[in-house]
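>>> build me a model:
(chains A and B)
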Amino acid sequence: MHHTDDAAERAVRSFAAALIGEIAHELNNRLATMRETVGLLEDLARAGKAGAAGTARAHASLDAQVGRSLNIVRTLGGLGGALGSTGRGFDAGAAIGDLLAMTERWARRTSLAIERDIAADLPRAAGDAALFLCLVHRLIHRFAEGRQPGGGLALRAAHDGTGIRVSLALKGSRAAPGAATDANEHEIDRELARRLGGELEFGGGGVLTIKLAALP
Amino acid sequence: MNKARVLLVDDEREFAEALAERLRLRGYQARAAFAAEEAVAAAEQEAPDVVLLDLNLPGVRGVELLLTLRQLLPHAEIILLSGHLDLADKIEGVRLDAFGMLLKPVELAELIAKIEAAQAKRTMHAPH
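Modelled structure (predicted):
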């Protein structure tokens, strides 16, 4: 059991490192684009080549980069709020939205289309948001690895009357998620779900469901 | 020493276009490619001296593209330029003999110094 405990701890740390890497990557790209845009404006002005059209284009680009940077910071604020809400539950729908926003670049890079259907009236979920986000992140990566070319992912979250069900299903692919994954990985996923106070259901047809308790 | 022909490979289109333009204003022949296929085509057509490569392109493993470019351009120097380089990227960069690894945002003077150093090494080792 200690082995699984250690592995679950490592999984959470690994998730945190991956998330921080994605955030750094995205912010550094925004900063680099702003730096080069401003630098080009200066270069063109110095060379006497700065025209009104180029200046307007640079301003539009800078404005877009600032907007994207602000979105990252807002998403970080949302994730920070969820991760800091220990003992008070968390908004699973918002946490999924923030996680997907932070992993958007990775999804694009791996050509993984993620269709989401998050119910608007979800109650607050019991448990630790960090464990939940780590589990969802691991499962999304598992699906990405297990799919056939072109396959996408459908992610749904709904209230089933007693708790919250978050399901992940392959789209456009017959491959079963995690089929090639070793038993240890499944056990880590199950351990994360247990620590959340929920459970992980391996359903038929390539569907995985995380069952979470809802706060009263 | 001739100014290097530089190929920038990055899906951040505005970044790559602005940087390529700044390099052209400084006398380099610089071209930007925004996807892997475009990068391979540009490498075949223009045989750049130095490639600035972001490993995180959509739909392709960056290491595979690095390997392809290395095979297409055996005498070119490849510099990794990315918003984030994790340990695996760094190990692959060393294994595949990348000339350098730079983290965005980078100072233009630092980048140009790296390009010049790469060009100097290339010139020294190029077949006569």
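>>> what about stretch A:55-63, near chain B?
Yes - judged by Cβ under 8 Å from any Cβ of the partner chain, stretch A:55-63 and chain B are in contact via residue A:61. For glycine as for every other residue, the C-beta is placed from the backbone atoms N, C-alpha and C.
>>> how far off centre is that stretch?
In terms of Cα atoms, centre = their mean, to the nearest Å, the centre of stretch A:55-63 is found 30 Å from the chain centre.
>>> mind listing the strands for chain B?
Shown for chain B, the strands assigned by DSSP state E span residues B:5-9, B:29-33, B:50-53, B:77-82, B:100-103.
>>> mind putting those in CSV, mean pLDDT included?
Shown next, in CSV, are those (pLDDT from 0 to 100):
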stretch, mean pLDDT
strand B:5-9, 98
strand B:29-33, 97
strand B:50-53, 98
strand B:77-82, 95
strand B:100-103, 95
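>>> got those strands as a markdown table, with mean neighbour count columns?
Shown next, in a markdown table, are the strands of chain B (neighbours: other Cβ atoms under 10 Å in any protein chain shown):
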| stretch | mean neighbour count |
| --- | --- |
| strand B:5-9 | 25 |
| strand B:29-33 | 21 |
| strand B:50-53 | 26 |
| strand B:77-82 | 23 |
| strand B:100-103 | 16 |
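>>> among the ones you listed, which comes closest to residue A:96?
Taking Cβ to Cβ, strand B:77-82 is the member of the strands of chain B nearest to residue A:96, at 27.3 Å.
>>> direction included, what does the closest one pair against?
In the sheet, strand B:77-82 lines up against strand B:50-53 (parallel), strand B:100-103 (parallel) (DSSP bridges).
>>> distance of the closest residue to residue B:73 other than its chain neighbours from chain A?
Nearest non-adjacent residue to residue B:73, counting by Cβ to Cβ, 6 or more residues apart in numbering or on different chains: residue B:43, 5.6 Å away. According to Cβ to the nearest Cβ, to the nearest Å, residue B:43 and chain A sit 21 Å apart.
>>> residues in contact with residue B:43?
Residue B:43 makes contact with B:7, B:51, B:69, B:72, B:73, B:76, according to Cβ atoms under 8 Å, 6 or more residues apart in numbering or on different chains.
>>> could you do residue A:211 as well?
Counting by Cβ under 8 Å, 6+ apart, residue A:211 has contacts A:163, A:164, A:165, A:193, A:198, A:199, A:200, A:201.
>>> need the contact partners of the least confident helix or strand in chain B by mean pLDDT.
Taking mean pLDDT, DSSP states H and E as the measure, chain B has helix B:87-95 as its least confident helix or strand, at a mean of 88. Residues outside helix B:87-95 that contact it (Cβ under 8 Å, 6+ apart): B:55, B:62, B:63, B:66, B:80, B:82, B:85, B:101.
>>> what's the answer for stretch A:49-56, then?
Stretch A:49-56 is contacted from outside by A:41, A:44, using Cβ under 8 Å, 6+ apart.
>>> could I have it exported to PDB, CA atoms only?
C-alpha atoms of stretch A:49-56 as PDB (Å, rounded to 0.1, in the frame of the first residue of the first chain):
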ATOM      1  CA  LYS A  49      10.100  52.900 -42.200                       C
ATOM      2  CA  ALA A  50       7.300  53.000 -39.700                       C
ATOM      3  CA  GLY A  51       4.000  53.500 -41.400                       C
ATOM      4  CA  ALA A  52       0.600  54.100 -39.900                       C
ATOM      5  CA  ALA A  53      -0.700  50.600 -41.100                       C
ATOM      6  CA  GLY A  54       2.300  48.800 -39.500                       C
ATOM      7  CA  THR A  55       1.900  50.800 -36.300                       C
ATOM      8  CA  ALA A  56      -1.800  50.000 -36.100                       C
END
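>>> hmm, back to that, ok, which of the strands of chain B comes nearest residue A:117?
Nearest of the strands of chain B (Cβ to Cβ): strand B:77-82, 33.7 Å.
>>> ok, residue A:6 to residue A:93 distance?
Noted for residue A:6: a distance of 31 Å to residue A:93, by Cβ to Cβ, to the nearest Å.
>>> same question for residue A:77.
Distance of residue A:77 to residue A:93, given as Cβ to Cβ: 16 Å.
>>> more crowded one of those two?
Taking other Cβ atoms under 10 Å in any protein chain shown, residue A:77 and residue A:93 do not tie; residue A:93 has more neighbours (20 against 11).
>>> who in chain A is up against chain B?
A:21-22, A:24-29, A:31-37, A:39-40, A:43-44, A:47, A:61, A:65, A:105, A:108-111.
>>> now the residues you listed: which count as buried?
Among these, those classed as buried by 16 or more other Cβ atoms under 10 Å in any protein chain shown are A:21-22, A:24-29, A:31-37, A:39-40, A:43-44, A:61, A:65, A:105, A:109-110.
>>> low-confidence regions, chain A specifically.
Applying pLDDT under 70 to chain A flags residues A:1-4, A:173-182.
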